[in-house]
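Colleague: give the three-dimensional model of this entry:
(chains A, B and C)
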Amino acid sequence: MEILQKISDSLLALKTKKPLVHHITNYVTVNDCANITLAIGASPVMADDIEEVEEMVSFAAALVLNIGTLNSRSIESMVAVGKKAKEKGIPIIFDPVGVGATTLRTATAKRIIQEVCPSVIRGNMSEMKIIAGVAADIKGVDSVADEVDGEEVARQLSQKLGCVIAITGKQDIIAHGKQLCRINNGHAILSQVTGTGCMATSLIACYCGATDDWFTGAVAGVMTMGLAGELAQQSLQAGEGIGTFRVRLFDAVWSLTPEVIRKGGRITNG
Amino acid sequence: MEILQKISDSLLALKTKKPLVHHITNYVTVNDCANITLAIGASPVMADDIEEVEEMVSFAAALVLNIGTLNSRSIESMVAVGKKAKEKGIPIIFDPVGVGATTLRTATAKRIIQEVCPSVIRGNMSEMKIIAGVAADIKGVDSVADEVDGEEVARQLSQKLGCVIAITGKQDIIAHGKQLCRINNGHAILSQVTGTGCMATSLIACYCGATDDWFTGAVAGVMTMGLAGELAQQSLQAGEGIGTFRVRLFDAVWSLTPEVIRKGGRITNG
Amino acid sequence: MEILQKISDSLLALKTKKPLVHHITNYVTVNDCANITLAIGASPVMADDIEEVEEMVSFAAALVLNIGTLNSRSIESMVAVGKKAKEKGIPIIFDPVGVGATTLRTATAKRIIQEVCPSVIRGNMSEMKIIAGVAADIKGVDSVADEVDGEEVARQLSQKLGCVIAITGKQDIIAHGKQLCRINNGHAILSQVTGTGCMATSLIACYCGATDDWFTGAVAGVMTMGLAGELAQQSLQAGEGIGTFRVRLFDAVWSLTPEVIRKGGRITNG
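Modeller: Next up is the predicted model:
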């Protein structure tokens, strides 16, 4: 089946199942993550206290771990809830925000990869090169961090870690084992709003909570954010700017249909 | 006096007194709670450190306790600040977000009810049934949690706990002792924005901070959110969606007048 | 050179350098601070864990310390990161939110002033009078807190603390040593949105991260918020309110150009 068709089917499954997505995320963009989860048709829950995260995730269909504003308290909760989610078999979407910038972030990413084994990792190219180094360190193999080709980084990292790798940027690359595709949706203005990366991660979790095909879920989440960005940008009139763009981004995600996906999705294989 | 007239009077009192509302709330919707408090004409302050909450609440006209993202640190602050507010005699509005989902939430709700005695408790029907169980447990009496009739749950719970009970849903039910009313305002789209429940709780606190009639304050807060939701929904044009709706919700609360209340309020007694 | 010309030059420098602004701020308005930083053309990073703040600030061009929702954990991080920023020589912008309301806030402001020596302090008149008392206490000199003249408070405080003082209100006063100016931009509606003070502080940091002239940076940040408030207010149509105003505020900051500054800036010297 063609990828746009698979994404459309995932969207319909999402709207029917309304998966509960448990987030431990940063306090900067948490409201946006909750609202984008609702806009696409899923249901968010945010809980991070170590005393309740394992119970809370037992109701969830997917888990987001985002280290944007990590601290010693939330790191322990992330590891605990991640193990529980793994045990339960639900998808774990990991967003290693700012990995490489500090020792704490890199060490936390390493710990989450080792102890939790995420199902999907989403980051930009520079974050993913750090993740490649972390993976090499864990697996005792050569790092692909020096690779200039994003496709090769994604492919090898996916094979090493046995998970879906989503590298977002001007062109997004999603890889899982031998599957790989490139997404050409998106617009540069997206980088002028905080949290569009975090929201893409939440959207991946929404889709993955509604389908067993996590590769398609990752493609769908990333494409949804890119396409919504394009539509929001196109809607801007003279005098309107980034505040209005941000509002329309939520409008566009909320209005997404299989027709919009088929018409606007720009994805190429391999 | 008729209830819509009482609500109108409370709104005018609120706009004159500009009550300061101290919140300990969750980090997901805290910005929305602060903005809705300002939009209606009151003044928000958020402070949660145990070393300062008792001093801070001494300036406040009302207190919100919301357990949406509770943790061991904030729970202790909630109990301490709640006791101080009680001592001072200002209204305490409790929002038991997600009670029943985890042991920690249920235990915390029990502790707040026992040690703080909230003036108003607002939640949805499933949360309120858990609160009914908690209340029965505290008071050593039969639970009404098996009641299918919301009116009976609200009435008995109010009498047992000696506080105002606000159950929000398709139709909202507010009870205090022998007083009870049903609010028919609202729109299903409100559930597609995060924090509309939290904001209703903040609005209740704004009104209760300006009047001694906390039953009217609770009715006013819930009705304000419902009516604003209707007005925001009606304003949507083709192509506009949930992001625009959320913006207009704040516009509508900010524009609320006695005239709008009299024209749009749909409340039935008993 | 004329002040509006200097502000215009700073804006162009900011858009070229895209300074990274490290924030330790409150969880109420943190998303707005991140978005306003992006809107003006800079880049935000929020990190508050003691284990990573010193490493993170090493990449930054400016630091914001905002005590809006301080706690024992974040206070230690603020002091540690502030010392590191000082060592590095980057500007530190301090926003003593609510100082004077609680012992903890006043003690924390004192500690930050003593141990970190901020480059710019921004607050409203009542906060600045408390800061004047704190400064007198530290320096063992007479307090200017009883001064009724804002200009005198700003001037003396700046000289005592050796930093830029920005007092925001109906008319804003910025002082640094012998330099002083008054800004007549702004609109009362700005006080009906949470975080406009915090965002002004973030904007100061964005400008100061791009210029060595921190007096101009402070004037530029405060003027940008005031002018954006005017433009957003003027754009409101019948039926639009505070939610729409808030969206347009970001539109206006994002659209700011030297032409808009020259046309709309209303600044008087001395």
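Colleague: please, which helix or strand holds the residue positioned nearest the centre of chain A?
Modeller: Averaging the C-alpha coordinates of chain A gives a centre point, and the residue nearest to it by C-alpha atoms, centre = their mean is residue A:201 (2.2 Å). If you go by DSSP states H and E, residue A:201 is part of helix A:196-208.
Colleague: ok, then the element right after that helix?
Modeller: Counting by DSSP H and E, the next helix or strand C-terminal to helix A:196-208 is helix A:214-235.
Colleague: state the mean pLDDT of that next one.
Modeller: Averaging the model's pLDDT scores along helix A:214-235 yields 98.
Colleague: and the helix holding residue A:201, what does it pack onto?
Modeller: Under the contact criterion of 3 or more C-beta pairs under 8 Å, 6 or more residues apart in numbering or on different chains; DSSP states H and E, helix A:196-208 touches helix A:3-17, strand A:20-24, helix A:30-40, strand A:62-66, strand A:92-95, strand A:120-124, strand A:164-168, helix A:214-235. To be clear about C-beta, it is placed using only N, CA and C from the backbone, and glycine gets the same treatment.
Colleague: now those in TSV, with mean neighbour count?
Modeller: Formatted as TSV, those follow (neighbours: other C-beta atoms under 10 Å in any protein chain shown):
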stretch	mean neighbour count
helix A:3-17	18
strand A:20-24	26
helix A:30-40	27
strand A:62-66	29
strand A:92-95	29
strand A:120-124	26
strand A:164-168	28
helix A:214-235	25
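Colleague: quick one: closest of these to chain B.
Modeller: For those, proximity to chain B was assessed by C-beta to the nearest C-beta; helix A:30-40 is nearest, at 3.9 Å.
Colleague: so how far is chain C from residue A:5?
Modeller: For residue A:5, the distance to chain C under the criterion C-beta to the nearest C-beta, to the nearest Å works out to 36 Å.
Colleague: which residues touch that residue?
Modeller: Applying C-beta atoms under 8 Å, 6 or more residues apart in numbering or on different chains to residue A:5 gives the contacts residue A:262.
Colleague: gap between residue A:166 and chain C?
Modeller: In this structure, residue A:166 and chain C are 22 Å apart, going by C-beta to the nearest C-beta.
Colleague: residue C:147 is nearest to which of the helices and strands packed on helix A:196-208?
Modeller: Put simply, out of these the one that sits nearest residue C:147 is helix A:30-40, at 40.5 Å, with distance taken as C-beta to C-beta.
Colleague: next, the angle from the closest one to helix A:3-17.
Modeller: Relative orientation of helix A:30-40 and helix A:3-17, computed by axes from the mean of the first three to the mean of the last three C-alpha atoms, to 10 degrees: 100 degrees.
Colleague: quick check: next helix or strand after helix A:30-40?
Modeller: Proceeding C-terminally, helix A:30-40 gives way to strand A:43-46 as the next helix or strand, assigned by DSSP H and E.
Colleague: paired strands for that following strand, with orientation please.
Modeller: Partner strands and pairing direction for strand A:43-46 (DSSP bridges) are strand A:20-24 (parallel).
Colleague: quick one: the strand it pairs with to chain centroid distance?
Modeller: Taking C-alpha atoms, centre = their mean, to the nearest Å, one finds strand A:20-24 lying 12 Å from the centre of the chain it belongs to.
Colleague: and what of stretch A:57-68?
Modeller: Stretch A:57-68 has its average C-alpha position 11 Å from the chain's average C-alpha position, going by C-alpha atoms, centre = their mean.
Colleague: now do stretch A:86-100
Modeller: Stretch A:86-100 has its average C-alpha position 9 Å from the chain's average C-alpha position, going by C-alpha atoms, centre = their mean.
Colleague: and that stretch, does that touch chain B?
Modeller: No - shown here: stretch A:86-100 not in contact with chain B (C-beta under 8 Å from any C-beta of the partner chain), separated by at least 15.5 Å.
Colleague: who's in contact with residue A:91?
Modeller: Neighbouring residues of residue A:91 by C-beta under 8 Å, 6+ apart: A:62, A:63, A:119, A:120, A:205, A:208, A:209, A:214, A:217.
Colleague: and for residue A:245?
Modeller: A:189, A:192, A:193, A:232, A:233, A:236.
Colleague: for the record, mean pLDDT for stretch A:188-199?
Modeller: Confidence over stretch A:188-199 (mean pLDDT, whole number) is 98.
Colleague: what residues sit buried inside it?
Modeller: By 16 or more other C-beta atoms under 10 Å in any protein chain shown, the buried positions in stretch A:188-199 come out as A:189, A:190, A:191, A:192, A:193, A:194, A:195, A:196, A:197, A:198, A:199.
Colleague: my guess is the fifth one contacts residue C:35. True?
Modeller: Yes - taking C-beta atoms under 8 Å as the definition, residue A:193 is a contact partner of residue C:35 at 6.6 Å.
Colleague: identify the contacts common to the two.
Modeller: A:242, A:246.
Colleague: quick check on residue A:211: phi, psi?
Modeller: Geometry field for residue A:211 lists phi and psi as phi -150, psi 150, criterion degrees, to the nearest 10.
Colleague: state the pLDDT value of it.
Modeller: The score at residue A:211 is 97. That number is its pLDDT.
Colleague: show me which residues of chain A sit near chain B.
Modeller: Counting by C-beta under 8 Å from any C-beta, the residues of chain A close to chain B are A:27, A:30-31, A:34-35, A:38-39, A:44-49, A:51-52, A:55-56, A:59, A:73, A:235, A:246-252, A:254-255.
Colleague: where does chain A come near chain C, residue by residue?
Modeller: Contact residues (C-beta under 8 Å from any C-beta) of chain A with chain C: A:26-29, A:31-32, A:68-72, A:98, A:101-105, A:192-195, A:239-244, A:246-247.
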